[in-house]
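>>> Fold the stuff below for me.
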Amino acid sequence: MNEAFACPDFQPKLHKRLLKHILREIPRNDGTSDPNRVVIAHFAVLGLGILGELDCISDAEKEKLISWVYSLQVVDDDELVSGFQGSPLMNTKENRDKNAPYKWGHITNTYSSLAILLLLGDDLSRVNRKSITKSMKALQNEDGSYTATRLGGTESDMRFVFCAACISYMLKDWSGVNIKSMIEYIHNCISYEQGFGQIEGCEGHSGSTFCALASLYLSNNMDQISDVHKERLIRWLVNKVNYGFSGRTNKPVDTCYSFWTGGALHLLGAYELLAPYEVHRHKIMYTQYKNGGLAKFENYPPDPLHTCLGLAGLSMMKIDPLEDIFVPLIITRKAHEHLKSLHDKWGDSPEENEKCLVL
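From the prediction side, this is the model:
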């Protein structure tokens, strides 16, 4: 290869420094991001986990972060809004330790909070599993989709179906999901291209496709994809990879799709079709920022989402010294092993024994 076009070196130390900085800010100086602080923290913690650098967070810092996450937990069985908030935005001195209007859990923030706790080795003993599951059941719509919060006119699409599946898997309780209805919704979102859209009638999107497949995988229903559809879906996904990863037809390659597109192929057992991986890794390396982090495109500033998902995409390639990830939950394999040990301690529950298989 011409030296002028040689692949840049991977810079894990710079990425570690940026992610640790983000984690310490979470972010204090950006009011527009305040409702999503726990999601940003999730990207930072997961990114450090993939880098194998969670030990750079001291025990005191870990405990402080864990306590902060638990401070966001809402338990409200009357309004059915239990879960985790995105930040303390709606918490005041007056409503401390009590429920209040708009002090509600959010399905994405609940997923991110549980993921952070697992990545940091928490035993989830302070998570009110029953209340979260009961409230999550109230978020499922008649068509099988999920909304993010109990009220407020939030969107209903495949992202929140994925969050519901992740939460149910983590908490080992699927009583908050009507599996048959969820699968019908997933099937109804198949586009003419054979990918899955965010909602019925939308174009195929590899992010939505990953969410659909992961939901089926976690609920033990991958057999709901026919062999014919699987073959066509793999073909569509592979056509989204060309010296980098894109998420939709006729769209440019984008760092985060190294995970969404690659992860979807991984769930279908077809990731090896992308070999040799070096040609796709090359594109990601060019999105590294000089001060650390990965960007959406080359010459763009980095952000937590693309840094984290870019590292997750690189992890699947198994070229760089990165931790393995458990793809369906988007956590490290170490965190998943920790979760399995918790499940063993919890034992079987009636809800788990039902297993949510479609009979």
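
>>> alpha carbons only for contacts and neighbour counts from here, please
Fine.

>>> So which residues of this protein form strands?
Under the criterion DSSP state E, strands of the chain are mapped to 73-74, 83-84, 146-147, 156-157, 325-326, 331-332.

>>> helices and strands around the last one, which ones?
To tie it back to what came earlier, the one meant is strand 331-332. Under the contact criterion of 3 or more CA pairs under 8 Å, 6 or more residues apart in numbering; DSSP states H and E, strand 331-332 touches helix 37-50, helix 107-119, strand 325-326.

>>> Quick check, Pro252 in contact with Tyr243.
No. If you go by CA atoms under 8 Å, Pro252 and Tyr243 don't touch, sitting 10.6 Å apart.

>>> Show me what stretch 13-31 is in contact with.
Stretch 13-31 is contacted by residues 33-34, 37-38, 40-41, 44-45, 47-48, 51, 53, 57, 291-294, 304, 307 when judged by CA atoms under 8 Å, 6 or more residues apart in numbering.

>>> Can you say which of those residues are buried?
Neighbour-count burial (16 or more other CA atoms under 10 Å) is assigned, among the contacts of stretch 13-31, to 33-34, 37-38, 40-41, 44-45, 47-48, 51, 53, 57, 292-294, 304, 307.

>>> hmm, back to that, for the helices and strands packed on strand 331-332, give me CSV that also has distance to Ile186.
Below are the helices and strands packed on strand 331-332 laid out as CSV (distance: least, CA to CA, whole Å):
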stretch, distance to Ile186
helix 37-50, 24
helix 107-119, 18
strand 325-326, 22
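
>>> Include distance to Met317 and mean pLDDT when you put these into CSV, please.
Putting the helices and strands packed on strand 331-332 into CSV (distance: least, CA to CA, whole Å; pLDDT from 0 to 100) gives the following:
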stretch, distance to Met317, mean pLDDT
helix 37-50, 13, 97
helix 107-119, 21, 98
strand 325-326, 11, 98
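
>>> Quick check: chain neighbours aside, which residue is closest to Met317?
Tyr277 (6.1 Å; CA to CA, 6 or more residues apart in numbering).

>>> Could you measure from Lys240 over to Lys134?
According to CA to CA, to the nearest Å, Lys240 stands 39 Å off from Lys134.

>>> higher neighbour count, those two?
The neighbour count for Lys240 versus Lys134, taken as other CA atoms under 10 Å, is higher for Lys240 (24 against 19).

>>> which one is that one nearest to, not counting chain neighbours?
Distances taken as CA to CA, 6+ apart put Ser246 closest to Lys240, at 5.3 Å, once the chain neighbours are dropped.

>>> show me the contacts for the one you found.
By CA under 8 Å, 6+ apart, the residues touching Ser246 are 206, 240, 252-254, 257-258, 261.

>>> Would you mind measuring from it to Cys202?
Taken as CA to CA, the span from Ser246 to Cys202 is 17 Å.

>>> Likewise for Lys64?
Going from Lys64 to Cys202 by CA to CA gives 42 Å.

>>> can you check Asp34 too?
Distance of Asp34 to Cys202, given as CA to CA: 30 Å.

>>> Can you point out the buried residues in stretch 140-147?
Within stretch 140-147, the residues that count as buried by 16+ other CA under 10 Å are 140, 144-147.

>>> got it, and stretch 215-225?
Burial within stretch 215-225, assessed by neighbour count using 16+ other CA under 10 Å, is assigned to 215-219, 221-222.
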